[in-house]
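Visitor: need coordinates for the following:
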Amino acid sequence: MGYAAIILLGALLLSLPVSCRDGRGAPFTTALFTAVSSSCVTGLVLVDTAVYWSVFGKCVILCLIQIGGLGFMTMAMLFTVALRRRAGLRTREVMVESINQLELYGIKRVTVLVAVGTLIFESAGALLLGIRFIPIFGVKRGIFYSIFHSVSAFCNAGFDLMGTYSGEFSSFTAFQDDILVNVTLMALITVGGIGFFVWDDIRRCGLRVRKYSLHTKIVLSASFILTFGGALLFYIFEKESGITAAFFDSVTARTAGFNTVDTASLSGASKLLTTLLMFIGGSPGSTAGGVKTVTVAVILCHTFSTVRAKQSANMFSRRIDEGYLKKAVCVFFTNLTLVLAGALAICAVEGFSLTDALFEAVSAIGTVGMTTGVTRALGGVSKYIVIFLMYLGRVGSVSFAGALLEKRANPPVTYPSEKIIVG
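Guide: Modelled structure (predicted):
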């Protein structure tokens, strides 16, 4: 409900005449779509952000991105801390779920760490981007562009303001070979996508890797494999684009939404790889979306353990409890079902190819924002399908279902089991 309220407020503000460059005001569907995409840090757009929206509209989008990236409950907890009020047990429990902490203890400290860390990383990113943008766009515009893109990258939002520089919906294609811009954006995306719990763990343990928690080890290992493995495959599939573009594609596909190469021109293999990376996404408790790296790691670990007839699934000399497998499977297949249903509906309504419809659906629920160009061609029904997928991708499809369905206590007895044939 918190996210829904923020989205509605954002849509109303974007509907005002002052939000548009032409002074007429945006249609409500366009305003709602943009508000959902920005607050759910997705990046899918019906109109070019730089060309269509005024400075006021861009500032509204920037605020929605920041709130969506940090999370509604994080912002609420920060206000509680700022007002020096005591957070209740229920608030702490919801906060723990919101940023995927493992315990209630020290939740206020972690919340402050999240806010301070966000400010530091976004400020550093803006300073580095300013080195390139200020000479190009001038002081005022260059500073605003640096801040906007730093926040957008760190929050894995994918909104850009390059439409007036290199053409509408061009993203960072004009900076494909610019090392400073590419590395800065990739660093911001990566740091924002590893999760707040991992930050805290690294801060406490430093370079003593053996001291890291199992969660941190899984996140860092999975992120390393996906980033470098994805870059290698992109380089093989799109060798003419270069190594820098390959790394950027690998990083941005995991929920960032920027692109330095025209997504529609990618080969079939690259589009499939991008779809897989978008579906996996970032890590739990981060600004990224997707089913999350830890979810996939847990499922793969249990799968390999079952194939090898092991009694338990182990990673880094630790056993993975089967309770985590149940949750991982639930998250994975809930999102997969929603993706297939969304793609099927878009195909049926719009007549798009399966590749484009599936790419769009995965991009929406993974809160990625990459598109093959069909977003602007969506009809009324399809727009609301994508809006619903973006919303579920940010609040969590399982969490949303749990909020709607009545929760009942476990029965005092269990039913007898019976053998079935599986596989």
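Visitor: could you name the helices and strands sitting against the host helix or strand of residue 275?
Guide: Element membership for residue 275, per DSSP states H and E: helix 268-280. Helix 268-280 sits against helix 214-237, helix 243-252, helix 322-350, helix 354-365, with contacts defined as 3 or more CB pairs under 8 Å, 6 or more residues apart in numbering; DSSP states H and E. All C-beta spots, glycine's among them, are computed from the backbone N, C-alpha and C.
Visitor: quick one: the first one to helix 268-280, angle?
Guide: It refers to helix 214-237. Between the axes of helix 214-237 and helix 268-280, defined by axes from the mean of the first three to the mean of the last three CA atoms, to 10 degrees, the angle is 170 degrees.
Visitor: surely residue 367 meets residue 38?
Guide: No: using CB atoms under 8 Å as the test, residue 367 is too far from residue 38 to be in contact (10.7 Å).
Visitor: backbone phi and psi for residue 283, please?
Guide: Dihedral angles phi and psi of residue 283 (degrees, to the nearest 10) take the values phi -110, psi 160.
Visitor: now the farthest one out in this protein, which residue is it?
Guide: residue 416 (42.1 Å; CA atoms, centre = their mean).
Visitor: helix, strand or coil for it?
Guide: coil (DSSP: H, G, I helix; E, B strand; the rest coil).
Visitor: about what we covered before: okay if I get the helices and strands packed on helix 268-280 as a markdown table plus mean pLDDT, mean neighbour count and distance to residue 113?
Guide: Below are these laid out as a markdown table (pLDDT from 0 to 100; neighbours: other CB atoms under 10 Å; distance: least, CB to CB, whole Å):
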| stretch | mean pLDDT | mean neighbour count | distance to residue 113 |
| --- | --- | --- | --- |
| helix 214-237 | 93 | 18 | 15 |
| helix 243-252 | 93 | 23 | 24 |
| helix 322-350 | 91 | 17 | 25 |
| helix 354-365 | 92 | 25 | 29 |
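Visitor: in TSV, list those helices along with distance to residue 61.
Guide: As requested, those are arranged in TSV below (distance: least, CB to CB, whole Å):
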stretch	distance to residue 61
helix 214-237	28
helix 243-252	19
helix 322-350	24
helix 354-365	18
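Visitor: out of those, the one nearest residue 144 is which?
Guide: helix 243-252 (22.0 Å; CB to CB).
Visitor: quick one: list the elements packing against that closest one.
Guide: Using 3+ CB pairs under 8 Å, 6+ apart: helix 243-252 touches helix 179-193, helix 214-237, helix 268-280.
Visitor: could these go into a markdown table alongside distance to residue 259?
Guide: Listed next are the helices and strands packed on helix 243-252 as a markdown table, based on distance: least, CB to CB, whole Å:
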| stretch | distance to residue 259 |
| --- | --- |
| helix 179-193 | 11 |
| helix 214-237 | 12 |
| helix 268-280 | 10 |
